[in-house]
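K.L.:
make a model of this:
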Amino acid sequence: MKRKGRVVDGVLLLDKPYAMTSNAALQTARRLLNAQKAGHTGTLDPLASGLLALTFGEATKFSADLLHADKTYIAGIKLGQKTTTGDLEGDFLQNRPVRVNRADIEKALNAFRGDILQVPPMFSALKRDGKTLYDLAREGVSIERQARSVRIEKLEILEFADELLTVEVTCSKGTYIRVLAEDIGEALGCGAHLASLRRTKVGVLSLEDAVTLQALETMSVDERLATLKPLDALMQTLPAVHLSENDRVRFCHGQRLALGLPSCPRVRVYGPDEQMVGTARVNERGVLEPERLIANKKDIEATNDD
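P.N.:
This is a model prediction of the structure:
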C-alpha cells in the first residue's frame, strides 16, 4: 500500500510552542508539508519551548545523530519554592525565604560547572522493571535512583530579579534541568523549582534559524518546503569526503573504496554535484566503508529506465 503524502527530504528546525508534545508538533508539521515520512532527533518536554529538529524522508536515517549532541537552554528558576515534580506541573511542597544576592548565586553555581553527578527524578521517562518512573511516582512509589555523571559546559546568570533566576545552560545528553534547578536551590538554602525552559541550541543548530508552526500555517506549500534545511544539516561536525562520479556510483551501490584517506570513525560523503550521498567510516587502511546511504533520485530514475 502506497503511503499518503509526497516525498519530502530535509530537516525542519521548529520553534516548538509551550504545552505541546514533540509528537504533536511533528505530526502537525508533517501535515503542513504533506510528507510521507517524518521523525525527530530527540523529544523536548511539553513544558519546554524552543528548538526541535524534525526530519523528513531520507533525513530520518540520520535522526539519531543529534541524540548525543550538547543542548543549550534558557532556564527560569524560581527560588524559595519547591514542588513535587521540580517544575510547574507539580504541587507546591514548601515556601522558604530567599536571602541571597547575585554574588551568592554566582559562588553557588561554581559547584555545578563541569562534570557533576545528578540523581534522575522520579518524574522521568526512565524505566524500572518495565514501568516508567513517572508512573510509579503517580502511584506514590519512590525508589532509589543511581546518580549519573553529566557535564555542564556553561552555566551563566542572565538575570536575577523578584526571586526568579534566569540562567543559560549548555549541557550534555541526559542532563535534567529540573534537577539542576532543584539542586541550585538547595545549594542556596532556599529550595527552587524550574519555572520555564526554552531550548536555543542542539549541537550546531540554532533557534535563530527555526520557524514556528503558526508561521508555517500562513505559508504556501512551496514556501514551507523552502524552510527545510538540507540532509547534512544534522552532520556538520563530521569531516566531508568528496567523490568522483564513478566512485559515487560505486559507493551508492554499497561498495568499499580504497582511497587512501586518513582513518576516521565517521564521515559525510558527497558526489561531484555537492549532494550528500551518505555517511561512512574510513578504516585504518584508508578504505571508505559505506554506513548509511541516501536514496539518490538520479540513480533511481536511471534504474527505472533500464
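
K.L.:
ok, Glu182 touching Lys82?
P.N.:
Yes. With contact defined as CB atoms under 8 Å, Glu182 counts as touching Lys82 (7.2 Å). Glycine gets a C-beta too; all of them are placed from N, C-alpha and C.

K.L.:
specify the local secondary structure of Ala181.
P.N.:
Under DSSP: H, G, I helix; E, B strand; the rest coil, Ala181 falls in the helix class.

K.L.:
check contacts around it.
P.N.:
Going by CB atoms under 8 Å, 6 or more residues apart in numbering, Ala181 touches 75, 77, 86-87, 192-194.

K.L.:
and with 6 Å instead?
P.N.:
Counting by CB atoms under 6 Å, 6 or more residues apart in numbering, Ala181 makes contact with 77, 192, 194.

K.L.:
again, but for Gln236
P.N.:
Val204.

K.L.:
and the helices in this structure?
P.N.:
Along the chain, counting by DSSP state H, helices occupy 22-33, 102-109, 133-138, 177-187, 213-218, 221-226, 245-252, 297-305.

K.L.:
and these, which is most packed in?
P.N.:
Among those, helix 177-187 has the highest mean neighbour count (mean count of other CB atoms under 10 Å), at a mean of 21.

K.L.:
that one - what's its average pLDDT?
P.N.:
Across helix 177-187, pLDDT averages out at 96.

K.L.:
can you list the low-confidence ranges for the chain?
P.N.:
1-3, 122-131, 133-143, 296-306 (pLDDT under 70).

K.L.:
okay, domains of it per the record?
P.N.:
Domain assignment for the chain, taken from automatic domain parsing, gives 10-69+204-233, 71-202, 238-305.

K.L.:
can you list those in JSON lines and add distance to Lys4?
P.N.:
Output for those, formatted as JSON lines (distance: least, CB to CB, whole Å):
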{"stretch": "domain 10-69+204-233", "distance to Lys4": "7"}
{"stretch": "domain 71-202", "distance to Lys4": "29"}
{"stretch": "domain 238-305", "distance to Lys4": "19"}
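
K.L.:
most tightly surrounded among those?
P.N.:
Taking mean count of other CB under 10 Å, domain 10-69+204-233 is the most buried of these, at a mean of 18.

K.L.:
thinking Thr279 is in contact with Glu291, fair?
P.N.:
Yes. If you go by CB atoms under 6 Å, Thr279 and Glu291 touch, sitting 4.6 Å apart.

K.L.:
the strands in the stretch 1-150 of the chain, which residues?
P.N.:
Along the stretch 1-150 of the chain, counting by DSSP state E, counting those that start in this stretch, strands occupy 10-16, 38-40, 49-56, 71-79, 81-83, 92-95, 114-118, 127-128, 131-132, 148-161.

K.L.:
among these, which is nearest Thr218?
P.N.:
When those are compared by CB to CB, strand 10-16 sits nearest Thr218, at 14.3 Å.
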